[in-house]
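Trainee: Generate a structure from the sequence data that follows.
(chains A, B, C and D)
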There are 2 protein chains.
Amino acid sequence: MTRTASGTVDTVDSAAAARSTADDVTRVAVSTVIFSLRRDEGDTCPSVVLPLVRRTRDPFEGDWALPGGWLDSSESLDAAASRTLAETTGLTPSYLEQLYAFGDVDRSPTRVVSIIYWALLRPDEVTAAVAEENVSWFDASDLPRLAFDHNEIVEYALWRLRNKVGYSRIAHGLLADEFTLADLREVYEAILGRRLDPANFRRQAEGSHAITPTDRFRTGSHRPARLYRYDHDVELADRGPLVARH
Amino acid sequence: MTRTASGTVDTVDSAAAARSTADDVTRVAVSTVIFSLRRDEGDTCPSVVLPLVRRTRDPFEGDWALPGGWLDSSESLDAAASRTLAETTGLTPSYLEQLYAFGDVDRSPTRVVSIIYWALLRPDEVTAAVAEENVSWFDASDLPRLAFDHNEIVEYALWRLRNKVGYSRIAHGLLADEFTLADLREVYEAILGRRLDPANFRRQAEGSHAITPTDRFRTGSHRPARLYRYDHDVELADRGPLVARH
DNA sequence: TCAAAAGTGTTAGTATTACACCCATGC
DNA sequence: GCATGGGTGTAATACTAACACTTTTGA
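Mentor: Residues are numbered from 1 along each chain as shown, chains lettered A, B, ... in the order given. All right, here's what the predicted structure looks like:
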């Protein structure tokens, strides 16, 4: 059994073999940008927040970084994202999707290719992480200087989030099972950074057939608001052929 | 060779076993799905085609696979995609973008994480590859069984292409510098797989401010058609913050 | 009763679609 | 001339945005 070629074509095998001296190996890391929403006391609208981990060793010791870890040779990329996420933050997000592979030569002192995922957390899923050591939540629009190229990565993840909220149903990943239309609208407003007309938003949401009204209401300070839940038939279906792989 | 998984211990020879610690390292490959359009003789509309490379050794010897190669430790992912593409096919596409990272454990006999790119070729860029050995062009809708998980990868790339053509200007990457509106429309029709109204398409294209009319015409069998070219100011700007990195 | 959020109605503007029609050229 | 694709006009429809208005609750 020849152990040389496997990835793609083999016309470059000899060159690759010559290069693959032990410490020349490029390692593969997996990290995740986790988004959630937090509403500050008596605030106009919630803001996008994400958890970061303080580095305890070089390089970038003391700096904040995305949660992650090394890819284990016996697990898939998706599994590595879930595992490293749980290990570093204790979180198990409801929504997890690959974002991009970053592999510039100088993005780390040693050669590291990082497969980045992004995740969404419902408000009830957030509790786990607040107790963890070395984990802290930051406002996405007000980040410190992060380790490696992680500032750039978060910017890209935010761009994807804002884009995807326009044509997909990912707001689901940031809401509890039951929610009012105002809750849903606030998710969109927080991500898009602008107010939306309640009347028009209601019509769009109801017309999309992505949500179904329940017969329950949330009572509160004013007129009770009807609670809705997502149609599970409609969710996803915007990630293409890849979702069928699991 | 029909060896499937790497787990059958009794069939592994001693040399391979001796290397098995080194093989615990996951290697990184880079491959590319290259799309172009080909119009068959007297045909209704062009079809999407892509070049594949025949494997000359195990695993999947004799099968067709995506062009690619190993990531060199001294080059970025983008550079590796360009380099391996040129080495295996002689092509230098005008459009090249990362697609997805595939890393399931059993996608190859040895552990390989493949960073997949996708590319678009203008008709004038195609010539280089037809002369290469072991390279052949296939209709995207009629592929043979490919090596590894490359069938799945091509499906995903096609999905991305069809999606992106809806909100982006990537048709640019499949056309020569100057083109008629019928040329442009045919690109969309080939990718989307349906006919478009010429009148409405014209208005949309002209109203998008992505193209500018020249004062030249293409003369042919009927009334001459005005030639257009793309506004270079407008192109791209749909890949988010990542494009600024080069 | 009043403030405020829930929810409904209406209208203007804009984009999409379908299709009728004229124009210019090669044969 | 006439067939064919290039190019223009137009009406119907659907979607979007703006905003006036009614309803229902807690205080």
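Trainee: Can you tell me what sits against the helix or strand hosting residue A:200?
Mentor: Assessed by DSSP states H and E, residue A:200 sits inside helix A:198-207. When contacts are defined by CB atoms under 8 Å, 6 or more residues apart in numbering or on different chains, helix A:198-207 is touched by residues A:181-182, A:184-185, A:188, A:211, A:228. Just so you know, the C-beta spots here come from the backbone N, C-alpha and C atoms, and that holds for glycine as well.
Trainee: residue contacts, the nearest residue to residue A:211 once chain neighbours are set aside?
Mentor: The shortest distance from residue A:211 to any non-neighbouring residue, by CB to CB, 6 or more residues apart in numbering or on different chains, is to residue A:228 (4.5 Å). Residue A:228 makes contacts with A:178-181, A:184, A:205, A:211-214, as judged by CB under 8 Å, 6+ apart.
Trainee: most surrounded residue in the residues you listed?
Mentor: For the contacts of residue A:228, the largest number of neighbours (other CB atoms under 10 Å in any protein chain shown) sits with residue A:179, at 24 neighbours.
Trainee: Double-check that residue against residue A:227; I have them as touching.
Mentor: Yes: using CB atoms under 8 Å, residue A:179 and residue A:227 qualify as a contacting pair, with a distance of 6.7 Å.
Trainee: Quick one: the strands in chain A, in order.
Mentor: A:27-38, A:47-54, A:64-65, A:68-70, A:95-102, A:112-120, A:135-139, A:178-180, A:211-218, A:225-230 (DSSP state E).
Trainee: now for the longest one, which elements pack on it?
Mentor: In this case it means strand A:27-38. Applying 3 or more CB pairs under 8 Å, 6 or more residues apart in numbering or on different chains; DSSP states H and E, we find strand A:27-38 packed against strand A:47-54, strand A:68-70, helix A:77-89, strand A:112-120, helix A:150-167, helix A:181-192.
Trainee: Turn these into TSV, including distance to residue B:54.
Mentor: Listed next are the helices and strands packed on strand A:27-38 as TSV, based on distance: least, CB to CB, whole Å:
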stretch	distance to residue B:54
strand A:47-54	46
strand A:68-70	35
helix A:77-89	28
strand A:112-120	28
helix A:150-167	36
helix A:181-192	47
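Trainee: of those, which approaches DNA strand D most closely?
Mentor: helix A:150-167 (9.8 Å; CB to the nearest atom of the strand).
Trainee: pLDDT-wise, which helix or strand of chain A ranks last?
Mentor: Between all helices and strands in chain A, the lowest mean by mean pLDDT, DSSP states H and E belongs to helix A:13-19, at a mean of 42.
Trainee: Going by neighbour count, list what's buried in stretch A:169-187.
Mentor: Buried residues in stretch A:169-187, counting neighbours by 16 or more other CB atoms under 10 Å in any protein chain shown, are found at A:169-175, A:179-181, A:183-187.
Trainee: and if you look at stretch A:83-97?
Mentor: A:84-85, A:88-91, A:93, A:95-97.
Trainee: ok, now stretch A:113-121?
Mentor: Buried-residue list, stretch A:113-121, by 16+ other CB under 10 Å: A:113-121.
Trainee: Which ones, among these, also lie beside chain B?
Mentor: A:113, A:115 (CB under 8 Å from any CB of the partner chain).
Trainee: now, which of the buried residues of stretch A:113-121 sits nearest residue A:149?
Mentor: Set against residue A:149, the nearest of these by CB to CB is residue A:114 (8.4 Å).
Trainee: Please verify my assumption that that closest one contacts residue A:29.
Mentor: Yes: contact criterion CB under 8 Å: residue A:114 and residue A:29 qualify, at 4.7 Å.
Trainee: joint contacts of these two?
Mentor: What both residue A:114 and residue A:29 touch, as defined by CB under 8 Å, 6+ apart, is the set residue A:68.
Trainee: hang on, the earlier thing: need the strands of chain A in CSV (columns: distance to residue B:232).
Mentor: Formatted as CSV, the strands of chain A follow (distance: least, CB to CB, whole Å):
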stretch, distance to residue B:232
strand A:27-38, 32
strand A:47-54, 34
strand A:64-65, 38
strand A:68-70, 38
strand A:95-102, 25
strand A:112-120, 30
strand A:135-139, 37
strand A:178-180, 45
strand A:211-218, 43
strand A:225-230, 43
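Trainee: export these to TSV and tack on distance to residue B:104 and mean pLDDT?
Mentor: Converted to TSV, the strands of chain A look like this (distance: least, CB to CB, whole Å; pLDDT from 0 to 100):
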stretch	distance to residue B:104	mean pLDDT
strand A:27-38	13	97
strand A:47-54	27	95
strand A:64-65	26	98
strand A:68-70	17	97
strand A:95-102	12	96
strand A:112-120	13	97
strand A:135-139	29	94
strand A:178-180	35	96
strand A:211-218	34	94
strand A:225-230	29	95
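Trainee: Which of those strands sits closest to DNA strand C?
Mentor: Closest among these, using CB to the nearest atom of the strand: strand A:225-230, at 3.5 Å.
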